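> here is a sequence with its predicted model. Questions after.
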Amino acid sequence: MRYHTPATFEDASAIAAATSGVTRFLAGGTDVLVQMRADIVTPDDLIDIKHIPGVKDVVLEDDGCWRIGAAVAGAELTAHAGLCADWPGVVEGMGLVGSTQVQGRATLIGNLCNGSPAADSVPGLAAAGAEVSVVGPKGARQVKVEDIPAGPGRTTLAKGEVIAGVYLPPRGKRGGDAYLRFIPRTEMDIAVVGCAVNLRVDGDKITEARVVLGAVAPTIVVVADAAKALIGSTLDAAALDALAAAASAACRPINDKRGTIAFRTDVAGVLARRAAKIAYDRARGAK
Amino acid sequence: MPLDTKTTGFKYIGTRPDRPDGIDKVTGKARYGADAYAPGMLHGVMVRSPHAHAKIKNIDASKALALKGVKAVVTRADFPTGLEGEDWNIQENCMAGEVALYDGHAVAAVAATSLLLAREAAKLIEVDYEVLPHVTDVDEAMKPGAPAIRAGAADYSVPEGLHPNVMRYIEYGHGDLEAGFAAADLVMENTYKTEATHQGYIEPHACLAQLGADGKGEMWVCTQGHWFVRRMSAAALGIDVANLRVTPSEIGGGFGGKTTVFIEPVALALSRKAGKPVKMVMTRSEVLRATGPTSSSSIDVKMGMKKDGTMTAAKVTMRMQGGAFPMAPIDSALDCAFSCYNIPAVHHEGYDVLANRPKQAAYRAPGSPMAAFATESLVDEMCRALKLDPLKTRLQNASREGTKASFGPTFPRIGLVETLEAAIAHPHYAAPLGPNQGRGVASGYWMNWGGETSVSAALGEDGSVTVSVGTPDIGGSRASMALMAAEALGIPYENVRVNIADTGSLGVNEPTHGSRATYASGLATIEAVKQISTKLCQRAADKWGIPVEAVIWEDGSAKPSGPNAGEFPPLTIGELAAEMGGTGGPISGHFEATPSGHGGSFGTHIVDVEVDPETGYTSVLRYTVVQDAGKAIHPAYVEGQFQGGAAQGIGWALNEEYIYGADGRLQNTVFLDYRIPVASDLPMIDTVIVEVPNPGHPYGVRGVGETGITPPLPAVANAVHAAAGVRLRSLPMSPPRILAAIKAKG
């Protein structure tokens, strides 16, 4: 195994592009190191991106966009008042990953690139309309978060491509987001179902919405019908029923050790209702 | 054995001093199993079967042995043949012979100069398997057509016509069952199932083993019982027990699962072959795949009750699989099934069944939680049907002193009635409940154990005392032993040091199991230190020139027994000890026995839960454990045992389970998916210590470690019923199962 500490993402990308073996990028290591210890993966090249300038930055850009570096740990997001005020749903999704100790290392981009359909931070990012900056052999590109996962443990990133940062769009006025997951315990578990809702209101009326489910399909699912059920409504009973039905209808889950098809399908609707209420209250709140 | 029983007026017993091992444990200085090192030490790694049931056709280790630094590979061929009975079972479980019997069964092992190298070498050992049909469910394993795991191995007790996977059959009872059911106003019968759960100790199995070509060996092991390790390892390797010295490390939990061996004989075999010490440490996945979970069970219970709540008859049939080996705990499960009640007619049947799963190991009151789940759930259902208060109905039928126990003997003094009365009087039982909340209660029993016990105590030159016991300290027993020694000698708690001695230092000791350590090692400690005070009285009598009968021991000093004995100032233990070299030499005490006066412990639990009707998620809101401790030597550690039992029981009830795929492989081999409750899942568990002294212990001690896990399974099921209106008769009551039941109810 070769261990690399490149100084730029271009160098990181070049190392990954040039090797013929198994490559892993290392930031927090809360997935990679665990997988190495469990013999799930044995990289030939381990590329540590923590030494690249800027990877630990959380920056509010002039246009209101938040730029979050690839090695920013969950605990830093949870402690960031400005980010929490703008995107509480994104932060609460990341904050659910692992334990307090894991939060000191785990990153948003690591959670995304691990490729788990149950990743807790990914539905919130996708609901927010977040994009990531990808550096690769053919240069840099911006990609929507929902276009990164390709299936359990897989991403759409090409050989040599590495994610340098995530961009959350300007929050704007009267917006709110929320993420809820179902686990059989209170913490230290993996989502059986996850649901993020991001919306904007005008008065009591919802004008924009995005609803994203996790752990109910091979990748996260952006549920357009669920968003439609919300837009134009005041989150009345009919809208909530339509939201829940659309969320359940979008599920393509499996039976496994963590839950059943029937359970995941039902609970997706339940969580969509509950997350929508929280997001709606946040949107109509102080902001 | 005549005992000078004392139950009141204690100076040290019942206080809560810091545990003597506490600082080392919280500062990381304490040495656990994996902390043992030896010069030239190699690291051993096991090769395990990926199949639930497979013939081992060939094992080729040539590629592994070709690696530089790989020093030895062992297979079953490196172990002696001709073992019988449980010795053979243990050897076969530690290293498969002709057939791998479960996913994770060890088939070979390798020792190398580093752990990384050993792991690499293990991957290079090529095992050629012929996969065989498998079965993992206990009911399926008894059906015609199920693969016979060990045909012809059933014992004499099994009636003809049963599947060859049935290893043992038990049947007993008393009273007229038919008349009992006929006399009942309500007869109910249901089937209950529990899934296998793991003890979940935080410290994985670890050992360091050294065995020379001369057959002499030494081991450092994380275990509940090092004499067991010595006997089992010696048998598996065909060496004499006296040639093996075993020293226990500190132990990060056992709960019964560390009363046997898994890696220890293999590490010895690797060491013998390599000529170097070999250390083996299991991973968590190895612990879950290959060490003892509980049995899973399938249970039919039938009970008769009059309208006023009087129980008239009860019948139970238990089917338990204990993995691919006999000895599922059907005996103790049946004994505990109706032990709480005085029922005129009872009948018990038990089937010990093989399945392609790891060999079950003891887990906290083995068998009793499963039995309680069935019977205490049914009692709750019947109380609901007859609109009876579940605690008062239990009290009405409760076993007490003089009751003929469901398992045969007549109960001596026991404390079930007292726990029920305390539970009824507890504010928890009358507290208001909110929407979707429900309360459940249940009682449970464990008979406890005495067992072979050998303890020595030695007096130091300054009057302090060293006590050497053979029962590893899992739950604070050093503190309890020190308290008992301090009480018996009348010296401060801090002046007693308790050591856990190795197998070379004492007679045979059974493990810390069966809730026996505080009872049996405690009894022996008291008797051993009393020998010291008796000898000190003799030294004082010699000094004073009066007969020893005229000297008494009181408050840590020898004193004349009264004015007639003469006017002498008391001689303290320190004064006597300082001159003992010149007054007759060193002073020590020793006591050994197999005490059989252990008293059973009953408990009654109250639990409130809230069930989310939309997701089936159960939160445990409030939990109260009421249990008879006989006498709480160190109440904080008694409470800890009560809380620990409840916590493990809640996990078993709600989310813990062994999940097998269609291929017979265990699906959840890490703590992420084997869902033990985390701290935030549990409320602070309230405890009430009831003290009904055990006449078989000098201070009235009953074992307290195990009873606490017996009521939670049914108590939580009864609370879920009260909260959600659905009765779950299969464990675990995971959210998908509860939600499905709620939806089925409509």
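Yep, that arrived.
> what mean pLDDT does the longest helix along chain A get?
Identified as the longest helix of chain A according to DSSP state H is helix A:261-283. Mean per-residue pLDDT for helix A:261-283: 98.
> and if you look at stretch A:27-46?
For stretch A:27-46, the per-residue pLDDT averages 94.
> swap in stretch B:344-364?
The pLDDT scores in stretch B:344-364 average 98.
> shaky segments in the stretch 1-150 of chain A?
Low-confidence segments of the stretch 1-150 of chain A (pLDDT under 70): none present.
> show me which residues of it sit near chain B.
Counting by C-beta under 8 Å from any C-beta of the partner chain, the stretch 1-150 of chain A comes close to chain B at A:38-39. Yep, even glycine has a C-beta here, placed from its N, CA and C like the rest.
> quick one: list the elements packing against the longest helix of chain A.
helix A:88-95, strand A:175-182, strand A:193-202, strand A:205-214, helix A:237-249, helix B:735-745 (3 or more C-beta pairs under 8 Å, 6 or more residues apart in numbering or on different chains; DSSP states H and E).
> near chain A, which residues of the stretch 101-250 of chain B?
So the stretch 101-250 of chain B meets chain A at B:R119 (C-beta under 8 Å from any C-beta).
> now the spatially closest residue to A:Y167 that is not a sequence neighbour: how far from chain B?
Using C-beta to C-beta, 6 or more residues apart in numbering or on different chains and skipping the chain neighbours, the partner closest in space to A:Y167 is A:E131 (5.0 Å). Plainly put, A:E131 is 30 Å away from chain B if you go by C-beta to the nearest C-beta, to the nearest Å.
> return the residues in contact with A:E131.
A:E131 is in contact with A:142-145, A:166-167, counting by C-beta atoms under 8 Å, 6 or more residues apart in numbering or on different chains.
> would you map the helices across chain A?
For chain A, the helices defined by DSSP H cover A:9-18, A:32-37, A:74-78, A:81-86, A:88-95, A:100-103, A:108-113, A:122-128, A:224-230, A:237-249, A:261-283.
> same list, those, but as a markdown table with distance to A:V162 please.
Converted to a markdown table, the helices of chain A look like this (distance: least, C-beta to C-beta, whole Å):
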| stretch | distance to A:V162 |
| --- | --- |
| helix A:9-18 | 5 |
| helix A:32-37 | 13 |
| helix A:74-78 | 20 |
| helix A:81-86 | 23 |
| helix A:88-95 | 20 |
| helix A:100-103 | 22 |
| helix A:108-113 | 9 |
| helix A:122-128 | 17 |
| helix A:224-230 | 30 |
| helix A:237-249 | 33 |
| helix A:261-283 | 31 |
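> out of the ones you listed, which is closest to B:G257?
For B:G257, the closest of the helices of chain A is helix A:32-37, at 23.2 Å, according to C-beta to C-beta.
> now that closest one, how far from the centre of its chain.
21 Å (C-alpha atoms, centre = their mean, to the nearest Å).
> could you dump it to CSV, C-alpha only?
Only the C-alpha atoms of helix A:32-37 are listed here, as CSV (Å, rounded to 0.1, in the frame of the first residue of the first chain):
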residue,chain,number,x,y,z
VAL,A,32,-12.2,3.9,4.7
LEU,A,33,-10.2,2.9,7.7
VAL,A,34,-13.1,0.8,9.1
GLN,A,35,-13.4,-1.0,5.8
MET,A,36,-9.6,-1.6,5.6
ARG,A,37,-9.7,-3.1,9.1
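> buried residues in that helix?
A:32, A:35-36 (16 or more other C-beta atoms under 10 Å in any protein chain shown).
> contacts for it, please.
Applying C-beta under 8 Å, 6+ apart, the set of residues contacting helix A:32-37 is A:24-26, A:41-43, A:46, A:110.
> okay, strands next: where are they in the stretch 101-250 of chain B?
Along the stretch 101-250 of chain B, counting by DSSP state E, counting those that start in this stretch, strands occupy B:106-112, B:126-131, B:166-174, B:186-194, B:206-211, B:217-221, B:244-248.
> who does the third one touch, helix- and strand-wise?
Spelled out, it's strand B:166-174. helix B:330-337, strand B:345-353.
> for B:F411, find the nearest of the ones you listed.
With C-beta to C-beta as the yardstick, what comes closest out of these is helix B:330-337 (12.5 Å).
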